[in-house]
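Asker: Pasting the sequence and the predicted model now:
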Amino acid sequence: MSGNIELLSGVLAAAKAEDRAALVGYLPAGFPTVEDGIAAAVAMIEGGCDIVEIGLPHSDPVLDGPVIQTADDIALRGGVRIADVIRTVGAVHAATGAPVLCMTYWNPVDRYGAERFAEDLAAVGGAGCILPDLPVEESAVWRAAAERHGLATVFVVAPSSRDERLAKITAVGSGFVYAASLMGVTGTRASVGASAEALVGRTRATTGLPVCVGLGVSNAEQAAEVAAFADGVIVGSAFVQRLLDAREAGQDLQAGLNALRGLAGELAAGVRKRG
């Protein structure tokens, strides 16, 4: 299988044609269990997400805030493995037909083997990888493997990125550019940050790739605010928090899935308002 970068690009283009931003949801694999995590990601797409990112839980994350760290810890204590992450990507894609990416730090991929990881991810219909800690200068081996298997390589840019750095990153990325709305780690915030719009503008000046904004979006109003200037709105911690809340309240999985569908629906309505 050649991978699904074309599907990813098509979904982003279709959202643009509808004069709206795409809604991208995030959930770590293995949370609350592997099977329940698959059901949760499917529910997010059923609720209105266009694209889903499946996180590879990591014991020492640099980008993830406390909410996602809590979910990662639950997944790791449950024994989640890379094979489970890849299986999650495949199962969610097979159930929904939506583009599904893996978001991971580089070390697990390097240990697993870049070629093997790309081959296995493409074999289940994965659309690509988001690699927040992989410097572009050290990415040639991965990018070659990803290109061979039809996968997108999504790099992360930040408000601190200088224009020349943005150009270097976007020149070798594919699929879309992940623009971190502010400095810091993932998590919900009262404000998404004024620097996000400026970052999107500077990034667009270097590339024709869609620019999707993440970090801090948690409700329909914020989604609409970001959708006014971005091609996609990425939401992670707010989805994870809904599942954590259901778990802590002693509710069953169905209640958590309903909460995810509800949040996805609210956010999907937000990205269609565009400010």
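Answerer: Looks like it came in fine.
Asker: Run through the bridge partners of I130.
Answerer: M103, V154 (DSSP bridges).
Asker: what about it, neighbour count?
Answerer: 26 (other Cβ atoms under 10 Å). No exception for glycine: its C-beta is placed from N, CA and C like everyone else's.
Asker: go on, A95?
Answerer: Neighbours around A95, by other Cβ under 10 Å: 15.
Asker: pretty sure it is touching V42, no?
Answerer: Yes - here A95 reaches V42: they are 5.0 Å apart, a contact under Cβ atoms under 8 Å.
Asker: Quick check: which ranges of the stretch 51-200 of the chain have low pLDDT?
Answerer: 61-64, 182-193 (pLDDT under 70).
Asker: where along it do the helices fall?
Answerer: For the stretch 51-200 of the chain, the helices defined by DSSP state H, counting those that start in this stretch occupy 66-77, 82-96, 106-112, 114-123, 140-148, 163-172, 195-204.
Asker: Just the buried positions in the second one, please.
Answerer: What it means is helix 82-96. Across helix 82-96, burial judged by 16 or more other Cβ atoms under 10 Å covers I82, D84, V85, I86, R87, T88, V89, G90, A91, V92, H93, T96.
Asker: check contacts around the second one.
Answerer: Applying Cβ atoms under 8 Å, 6 or more residues apart in numbering to D84 gives the contacts A29, G30, V34.
Asker: how close does L151 sit to E35?
Answerer: 25 Å (Cβ to Cβ, to the nearest Å).
Asker: Which of these two has more residues huddled nearby?
Answerer: It is L151, of L151 and E35, that has more neighbours when counted by other Cβ under 10 Å, with 29 against 14.
Asker: Distance check, the more buried one against V226.
Answerer: 26 Å.
Asker: swap in G48?
Answerer: Counting by Cβ to Cβ, the gap from G48 to V226 is 15 Å.
Asker: same deal with W142?
Answerer: Taking Cβ to Cβ, one finds W142 at 28 Å from V226.
Asker: what do you get for G126?
Answerer: From G126 over to V226 (counting by Cβ to Cβ), the distance is 25 Å.
Asker: How many neighbouring residues does E119 have?
Answerer: With other Cβ under 10 Å as criterion, E119 counts 16.
Asker: And the one 4 residues further on, by the same measure?
Answerer: Around A123 there are 13 other residues, counting by other Cβ under 10 Å.
Asker: W106 versus the closest residue to T104 other than its chain neighbours, what's the distance?
Answerer: Leaving out its chain neighbours, the residue that sits closest to T104 by Cβ to Cβ, 6 or more residues apart in numbering is L56, at 3.7 Å. To W106, L56 is 10 Å away according to Cβ to Cβ.
Asker: ok, these two, which is more surrounded?
Answerer: Ranked by neighbour count (other Cβ under 10 Å), L56 and W106 place L56 first, with 27 against 17.
Asker: wait, doesn't the more buried one sit right on I86?
Answerer: No - using Cβ under 8 Å, L56 is not in contact with I86, being 9.1 Å away.
Asker: Quick check: neighbours shared by these two?
Answerer: Joint contacts of L56 and I86 (Cβ under 8 Å, 6+ apart) are C102.
Asker: residue nearest the centroid of the chain?
Answerer: Per Cα atoms, centre = their mean, the C-alpha nearest to the average position across the chain is that of E53, at 3.6 Å.
Asker: May I have the beta-bridge partners of it?
Answerer: Y26, L101.
Asker: about what we covered before: which stretch among the helices of the stretch 51-200 of the chain comes nearest R242?
Answerer: helix 66-77 (10.2 Å; Cβ to Cβ).
Asker: For A13, the count of nearby residues, please.
Answerer: 13.
Asker: Please identify which helix or strand holds it.
Answerer: Using DSSP states H and E, A13 sits in helix 5-17.
Asker: Centre of the chain to that helix, how far?
Answerer: Relative to the centre of its chain, helix 5-17 is centred 15 Å away, using Cα atoms, centre = their mean, to the nearest Å.
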